[in-house]
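K.L.:
I would like to see how this sequence folds:
(one chain, ligands or ions: 2)
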Amino acid sequence: MDELTQRLGSVSLLDSHEHFMALSLLAAQRSKDPCTQVGACVVDRRGNVIGSGYNGMPRGCHDDVFPWGKASQDPLENKHLYVCHAELNAIANTTGTMSDCVIYVTLFPCNECAKLIIQHGITEVVYLSDKHAHKKSTVAAKVMFDSAGVKYWRFKSKKKIVIEFEDIKERKLSHRGFD
Ligand SMILES: O=c1ccn([C@H]2C[C@H](O)[C@@H](COP(=O)(O)O)O2)c(=O)[nH]1
Ligand SMILES: [Zn+2]
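P.N.:
Ligands and ions are numbered 1, 2, ... in the order given. As a prediction, this is how the structure comes out:
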């Protein structure tokens, strides 16, 4: 085994599912929700990302003005009536058809997002967390996906990705034969 092959062997390449879920996780980092950051991306069958989004307040409803809590007795003081879900934003940010596309999402979609996913012709949902599995909204989402023939499966990986902008700027790619 030559030196290049030896070094490449230790480089942890991402497969496509890891790549798309990592993009969704990165999108989630933009969310101001202090409790649950969610990210999503829509991918066509050729493997192109055609839209992405995260949970946030609607345009014109400032993230720093609208409430992010959920404990108030008054629903108008809580986030849930206002926040746009990650899937809604990913779909709204996508131009063109989503027919037979896949959505990668860091949290299993709620019933409202499930309706959007189905109505836009998305046929596969890849998710990371199912922490709201006990909620009726998640149960209803699964009932609708099953009925509509939308496939869903939980993504699992033990891979760890660290992003250090400074580090990447300085890195030399010589071990991959780029110079
Ligand atoms: O399908 C979904 C369901 C929920 N979200 C967002 C909406 C909220 O900002 C959080 C959930 O908050 P909890 O405090 O965990 O109730 O997740 C979403 O984007 N997509
Ligand atoms: Zn939702």
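K.L.:
So what are the sheet partners of the helix or strand where residue 42 lies and their directions?
P.N.:
Secondary structure from DSSP states H and E places residue 42 in strand 39-43. Sheet pairing of strand 39-43 (DSSP bridges) gives strand 49-54 (antiparallel), strand 102-107 (antiparallel).
K.L.:
in the protein, what spans have low per-residue confidence?
P.N.:
Scanning the chain with the threshold set as pLDDT under 70 gives 1-11, 168-179.
K.L.:
which ones are touching residue 110?
P.N.:
85, 132, 135, 137, 138, 141 (C-beta atoms under 8 Å, 6 or more residues apart in numbering). Heads up, the C-betas are built off the backbone N, CA and C, glycines and all.
K.L.:
Now do the phi/psi pair for it.
P.N.:
Note on residue 110: backbone dihedrals following degrees, to the nearest 10 are phi -80, psi 180.
K.L.:
residues in contact with the strand holding residue 42?
P.N.:
Taking contacts as C-beta under 8 Å, 6+ apart, the residues outside strand 39-43 that touch it are 20, 23-31, 49-54, 86-87, 89-91, 94, 98, 101-106, 122.
K.L.:
try stretch 79-95
P.N.:
Outside stretch 79-95, the residues that touch it by C-beta under 8 Å, 6+ apart are 24, 27-28, 31, 33, 38-42, 50-58, 61, 66-70, 75, 98, 103, 105-107, 109-110, 112-113, 116-117, 120.
K.L.:
If any of those residues are buried, give me the ChimeraX selection for them.
P.N.:
A single ChimeraX command selects the buried members of the contacts of stretch 79-95 (16 or more other C-beta atoms under 10 Å):
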select :24,27,28,31,33,38,39,40,41,42,50,51,52,53,54,55,56,57,66,67,68,98,103,105,106,107,109,110,113,116,117,120
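K.L.:
Can you tell me the element residue 152 falls in?
P.N.:
Using DSSP H and E, residue 152 sits in strand 151-154.
K.L.:
Could you list the buried residues of that strand?
P.N.:
residue 152.
K.L.:
Okay, now the sheet partners of that strand, with direction.
P.N.:
Paired neighbours of strand 151-154 in the sheet (DSSP bridges): strand 124-129 (parallel).
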